[in-house]
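**Q** give me a 3D structure for the following:
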Amino acid sequence: MMPFIAPGATLGVMGGGQLGRMFVHAAQQMGYHTAVLDADPESPAGLVAHYHIQADYLDQEGLASLMQRSAAITTEFENVPADALTMLGAHRPVAPGAQAVAVCQDRASEKRHFARCDVPCAPYTVIEDTSQLAAVPDELFPGILKTTRLGYDGKGQARVKTRDDLPAAWASLGSVSAVLEKQLPLAYEVSVIVARSAAGQVVHFPLQQNLHRDGILAVTQVPAPDLTSEVQQRAIDAAERVAASLGYVGVLCVEFFVLKDGSLVANEMAPRPHNSGHYSVDACDLSQFDLQVRTMTGAPLVAPRLHSPAVMLNLLGDLWFAAADSTAREPDWAALLALPGVHLHLYGKATPRRARKMGHLTVTAATAEQARAVALQAAAVLGLPAF
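**A** Residues are numbered from 1 along each chain as shown. Okay, the predicted model is just below:
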């Protein structure tokens, strides 16, 4: 059990991106002060926090300043060094803890943890040196090669059709430690977001059905249109087992593949709020960021309720370069905001770049069919593919 940290205290967050920004908004709404540690002077979270500590994640003075200001500390990014969280955790409550984050930072460790929890994942092997390339089992082709560390949003990945393609694919990733996963016949993808307290209380959001393009989340639909109640329960049970076995405190997302035969396999997990849960700000009575605040402050956890079906569209920097020339232009926000039920969220990033997450929009409606219809209109306005 951890003592309740009441509003008025300062909550710290490692990382200043959009997830940190949305955490800061949620904490401030509940009456907390906020402190962000991020080296970027224009980080989205740093721009809206009470205190912005401009320092590297391992900077001793920066960590000491964050610790001194904060009653409790969280992270918005799984690649924050676990050593930094260990140092902070020696003095303040840190949620999630360094050990749990360390597991999520390494794909091989993550897959071993899934196995310990009796949660199936795709067949795989770990490749750490050239001699292991020839020993890869034939049944893993075609596959997807992923770096064990620092890969996200499609980065650090390469498709491998045959054994002959493997050496070049591994070299293209820098010949670093990697996991080769067998490519499976997918029906659709879902994610489960759970929140777990220090006392072991667990709540979860309804499952999100996700569509990725080029390895980046593009569309999230809630309720998940293709999901059966049986698959939903299996996914929730698996995610809760994973969280419990980590002794997890905080918000955790576990992504799953649902295969064409109806079986469920875990893809990966993120020790933080997740892009697929952004809809919860507009469509639920508690958002994933509200629960992030509650878990780190020892506040009671209440099961979030979906009050409106929703569709979320990711807004990447590509939208600013939709014209034939290379000049960045603002999308037609006025036309977008003319649509009913549209909630626009931009992250305060000054410079659009292709594949960079600049914001998202959530469409809420009385029915899932209405939300999808308006979301398709919004996609057409933005020049995004239909789904």
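
**Q** contacts for the longest helix seen in the chain?
**A** Looking across the chain with DSSP state H, the single longest helix is helix 229-245. Under the criterion C-beta atoms under 8 Å, 6 or more residues apart in numbering, residues 113-114, 116-119, 190, 192, 194, 196, 200, 202, 204, 207, 224, 248, 252, 254, 256, 258, 262, 264, 266, 269 lie in contact with helix 229-245. Every residue, glycine included, has its C-beta placed from N, CA and C.

**Q** number of residues surrounding A39?
**A** By other C-beta atoms under 10 Å, the residues close to A39 number 14.

**Q** repeat for D332
**A** 14.

**Q** one more: the one 3 residues further on?
**A** By the criterion of other C-beta under 10 Å, A335 has 13 neighbours.

**Q** any idea which helix or strand carries it?
**A** helix 333-337 (DSSP states H and E).

**Q** that helix: what's the following helix or strand?
**A** strand 342-346.

**Q** may I have the helix or strand just after that following strand as PDB, with CA atoms only?
**A** Toward the C-terminal end, the helix or strand that comes next after strand 342-346 (DSSP H and E) is strand 357-364. Extracted in PDB, the C-alpha atoms of strand 357-364 (Å, rounded to 0.1, in the frame of the first residue of the first chain):
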ATOM      1  CA  LYS A 357       2.800  12.200 -34.700                       C
ATOM      2  CA  MET A 358       1.500  15.800 -34.700                       C
ATOM      3  CA  GLY A 359      -1.900  15.100 -33.100                       C
ATOM      4  CA  HIS A 360      -5.000  13.000 -33.300                       C
ATOM      5  CA  LEU A 361      -8.700  13.500 -33.700                       C
ATOM      6  CA  THR A 362     -11.500  11.500 -32.000                       C
ATOM      7  CA  VAL A 363     -15.000  11.200 -33.400                       C
ATOM      8  CA  THR A 364     -17.700  10.400 -30.900                       C
END
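
**Q** what's strand 357-364 packed up against?
**A** Contact partners of strand 357-364 among helices and strands, from 3 or more C-beta pairs under 8 Å, 6 or more residues apart in numbering; DSSP states H and E: helix 280-283, strand 310-316, strand 342-346, helix 368-382.

**Q** and these: which comes nearest G298?
**A** helix 280-283 (21.2 Å; C-beta to C-beta).

**Q** tell me the mean pLDDT for that closest one?
**A** What helix 280-283 shows for mean pLDDT is 98.

**Q** and the contacts of the helix or strand following it?
**A** Moving toward the C-terminus from helix 280-283, the next helix or strand (DSSP H and E) is helix 288-297. Residues outside helix 288-297 that contact it (C-beta under 8 Å, 6+ apart) are 4-6, 9, 11, 22-23, 25-27, 30, 32, 71-74, 93, 95, 193, 195-198, 203, 205, 249-251, 272-274, 277-278, 280-281, 299-301, 304.

**Q** related to what we said a few turns ago, buried among the contacts of helix 229-245? Need that as a selection in PyMOL.
**A** Those of the contacts of helix 229-245 that count as buried under 16 or more other C-beta atoms under 10 Å are selected in PyMOL with:
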select buried, resi 113+114+117+119+190+192+194+196+202+204+207+224+248+252+254+256+258+264+266+269
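
**Q** let's see which of the contacts of helix 229-245 end up in strands.
**A** Among those, the residues falling in strands (DSSP state E) are 190, 192, 194, 196, 202, 204, 252, 254, 256, 258, 264, 266, 269.
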